[in-house]
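J.: coordinates only, no sequence provided:
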């Protein structure tokens, strides 16, 4: 299969990125500086990420909000214009088909960003539920993320209006003469922005951003370790069709209006199962694990109780560069999910001590005004 | 391009070996290996006193991306390990042939070094990969 390229492919090459296949695209996993330094740079200054592989979709037309509410448990009807919300496509059995960001562009217009690996399935899923609305795949749009404590000062020079955005709000603006939709969001736990713009203008904007002193290019490797430290789920790891939002600790993504006692209760796939789980409480929970010592644990390894019984499995693991050691996320039996609980992970036959840790591992630093 | 000093011997599994003046052999992983692994975050070295055969597993190097086994390029008894790596595994990235050495062996048969790859042959192998 031929790998797809993002509009920044030539720039990644020029910056000597190590390119790897990811969700059908050839993407930069790291630049010569390496994952740990890219991670720390993002937490200290600002990192520029190419996330153009993600799916960008517009759903528009009368009833667009209602159609989306029939697929996700988020409060879409109540979302104000230029506001963004995190949402889940749920399945009939209450599992998760994908997670996404939804931004309201107008009364009947919604901008969706979905995972690269799921985008074709998501688009089919959306299409099959439309009733007269239009779905437009924005496949000629790039998506750049600028993340880190210096992101706002960099944005202020390019677009003072966008530099006033608070977390989960967006605006349309001209950046270097290009029409860009900017949201104050990201997936690193840091303050920052995501910019959707025509692919033909992406390289020039990326170069302009990289020319700012605090900005360095950051690859997918550090994007993953940053989101892990921030305690954020990754589809295919913490989320899949066999895991429901209650187990994943994502009940907050179910809008108040959509809950069992809300004004528009239910109405999304798997609602009955999910409501049942909210009352019953599920058998397993997503937790953070801090690893004792330096030996890393890896995805797929078993989590054991003190008596050696298998009580769960690691779903994401990595080196928390800001924490200064290996960390992980896992699903484990609910009764053992209390922060501070000591467990072990079976690392190729060797028991490695871990402790359940409240997430995020590093404080989230979203700007809320 | 990665660095491959001419005075060292190499294993196809990406270890280097250096015959010291006192007859001992120092072992580490190559510049090519550390570059491919990315940031090293953990190194498990064999314990002092362990007797290894050539080709036997002699520890693990873990990077931000993956775990890789490390093999003994020649047989012998482990007489020293690089304790620096316990707290500073990143030394392997910074200086793979000097400060980033893994362990030192008293070889059973120093002649086994002759069976290892020269720098030129190792470089060819890496280019092919």
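T.: Looks like it came in fine. If you're wondering where the values come from, they're calculated on a predicted model, not measured in any experiment.
J.: quick check, central residue of chain B?
T.: Closest to where the C-alpha atoms of chain B average out (Cα atoms, centre = their mean) is residue B:28, at 2.3 Å.
J.: which SSE is that one in?
T.: strand B:25-29 (DSSP states H and E).
J.: strand partners (parallel or antiparallel) of that strand?
T.: Note on strand B:25-29: by DSSP bridges, its sheet partners are strand B:15-19 (antiparallel), strand B:103-107 (antiparallel).
J.: ramachandran angles for residue A:151?
T.: Backbone torsions for residue A:151, taken as degrees, to the nearest 10, come to phi -60, psi -40.
J.: need the residues that contact stretch A:66-74.
T.: A:59, A:76-77, A:85-90, A:100, A:102, A:110, A:125-126, A:129-131, A:133, A:245, A:253-255, A:258, A:264, A:267-269, A:271, A:274 (Cβ atoms under 8 Å, 6 or more residues apart in numbering or on different chains). From N, CA and C alone the C-beta is placed, and that goes for glycine too.
J.: okay, and which of the residues you listed map to strands?
T.: Using DSSP state E, the subset of the contacts of stretch A:66-74 located in strands is A:59, A:85-90, A:100, A:102, A:110.
J.: what's the nearest residue to the one residue sitting closest to the centre of chain A if we skip its chain neighbours?
T.: The centroid of chain A falls nearest to residue A:187 when counting by Cα atoms, centre = their mean (4.8 Å). Closest residue to residue A:187 apart from its sequence neighbours, by Cβ to Cβ, 6 or more residues apart in numbering or on different chains: residue A:227 at 4.9 Å.
J.: pLDDT wise, what is that neighbour at?
T.: For residue A:227, the model assigns a pLDDT of 98.
J.: now do the buried residues in the lengthiest helix in chain B.
T.: For chain B, the longest helix by residue count, based on DSSP state H, is helix B:119-128. For helix B:119-128, burial by neighbour count (16 or more other Cβ atoms under 10 Å in any protein chain shown) applies to B:119, B:122-123, B:126.
J.: same for that helix, what does it pack against?
T.: Applying 3 or more Cβ pairs under 8 Å, 6 or more residues apart in numbering or on different chains; DSSP states H and E, one finds that helix B:119-128 contacts strand B:9-10.
J.: for chain A, what lies in contact range of chain B?
T.: With Cβ under 8 Å from any Cβ of the partner chain as the criterion, chain A meets chain B at residues A:29-30, A:34-36, A:221, A:225, A:294-296, A:298, A:318-319, A:326, A:348.
J.: buried subset of the ones in strands among the contacts of stretch A:66-74 as a ChimeraX selection?
T.: Remark: buried members of these, expressed as a ChimeraX selection using 16+ other Cβ under 10 Å:
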select /A:59,85,86,87,88,89,90,100,102,110
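J.: where does pLDDT dip in the stretch 251-369 of chain A?
T.: The stretch 251-369 of chain A contains no residues with pLDDT under 70.
J.: again, only this time at 90
T.: For the stretch 251-369 of chain A, applying pLDDT under 90 flags the ranges A:281, A:369.
J.: just the strands in it please.
T.: Here the stretch 251-369 of chain A has its strands, by DSSP state E, counting those that start in this stretch, at A:284-291, A:302-304, A:310-320, A:325-333, A:342-347, A:350-357.
J.: give me the contacts around the next helix or strand after the strand holding residue B:28.
T.: Later in the chain than strand B:25-29, the nearest helix or strand by DSSP H and E is helix B:31-37. Residues outside helix B:31-37 that contact it (Cβ under 8 Å, 6+ apart): B:2-4, B:14-15, B:29, B:40, B:61, B:63, B:65-66, B:68, B:92-93, B:96-97, B:100, B:122, B:126.
J.: burial of the residue nearest to residue A:187, as a residue count?
T.: Residue A:227 has 20 neighbours, counted by other Cβ atoms under 10 Å in any protein chain shown.
J.: was I right about it contacting residue A:237?
T.: No. Counting by Cβ atoms under 8 Å, residue A:227 sits too far from residue A:237 to count as a contact (10.0 Å).
J.: circling back: name the nearest of the buried residues of helix B:119-128 relative to chain A.
T.: Comparing those against chain A with Cβ to the nearest Cβ picks out residue B:126 as the nearest, at 15.4 Å.
J.: is residue A:30 bridged to anything, and to what?
T.: Where residue A:30 sits in a bridge, its partners, by DSSP bridges, are residue A:18.
J.: shouldn't it be in contact with residue A:37?
T.: No. If you go by Cβ under 8 Å, residue A:30 and residue A:37 don't touch, sitting 9.3 Å apart.
J.: more neighbours: which of these two?
T.: Neighbour tally, residue A:30 and residue A:37, criterion other Cβ under 10 Å: the higher count belongs to residue A:30, 26 against 17.
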